[in-house]
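> Have a look; sequence and predicted model below, questions after that.
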Amino acid sequence: MTVRDVIQKIEPRMKKTIEAFQHELASIRTGKATTALLDRVKVEAYGSQMPLKQVGNVGVLDVHTLTVQVWDKSMVGATERAIRDAGLGLNPSADGQNIRISIPPLTEERRKEFVKLTKKFGEDSKVSLRNHRRDMIHEVEKLEKEKQIGEDELKRGKKEADDLLHKYEKKITEMIAQKEKEIMEV
């Protein structure tokens, strides 16, 4: 095993951390209607918890309104309840098999809460990246102890681990800034 092998093993885990962070960001309200807002909603359906997307079609009617077209009429009440109880501050209203969800404008206080939440998710992701870096350095040091690589390769491996960490931390910082801008935009 070489330093390159260790990097190729750890870098995909760092990319997955970025993807998970992007998914978290998508679920944070910005004052505009987006289907990603309902990604976390689970509906009690047929004796189990199902993602909302498996119960009906989620769509954007306009900038401030989402719609859910529930496929099974008996699931309308459970779907409406799941959206209301998801902690998103949304109040859905049913009309036959369609559910309309008005996205109320965010208050300044609520915007600041969402910015804090964004930063918390970002910091959690950065901690995860640092853990991946630590694992990478640990594996490179292990290779050096086993005499598979030399001291120069060890130093190069540690430097590459740091470079990778900085590259992905920078991405997260940029994503936080972008989301903060979207949230604070009135």
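Right, received. Where do you want to start?

> can we go C-alpha only for contacts and neighbour counts from here?
Fine.

> which residue sits closest to residue 153, ignoring its sequence neighbours?
Nearest non-adjacent residue to residue 153, counting by C-alpha to C-alpha, 6 or more residues apart in numbering: residue 3, 7.2 Å away.

> Now do the contacts for that neighbour.
The neighbours of residue 3, taking C-alpha atoms under 8 Å, 6 or more residues apart in numbering as the test, are 140, 153-154, 157.

> do residue 114 as well
Taking C-alpha under 8 Å, 6+ apart, one finds 28-29, 183 in contact with residue 114.

> ditto for residue 102
64-66, 90-92.

> Kindly give a single PyMOL line that selects the buried subset of these.
To isolate the buried ones among the contacts of residue 102 in PyMOL, judged by 16 or more other C-alpha atoms under 10 Å, type:
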select buried, resi 65+66+92
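
> Identify each buried residue in the longest helix anywhere in the chain, please.
Ranked by residue count and defined by DSSP state H, the top helix of the chain is helix 108-145. For helix 108-145, the buried set under the neighbour-count rule, 16+ other C-alpha under 10 Å, comprises 111, 114-115, 118-119, 121-123, 125-126, 128-130, 132-134, 136-137, 139-141, 143-144.

> about what we covered before: now the contacts of residue 114 in a markdown table, with pLDDT and distance to residue 175?
Output for the contacts of residue 114, formatted as a markdown table (pLDDT from 0 to 100; distance: C-alpha to C-alpha, whole Å):
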| residue | pLDDT | distance to residue 175 |
| --- | --- | --- |
| 28 | 81 | 13 |
| 29 | 73 | 15 |
| 183 | 86 | 12 |
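
> from the contacts of residue 3, which ones fall inside helices?
Those of the contacts of residue 3 lying in helices (DSSP H): 140, 153-154, 157.
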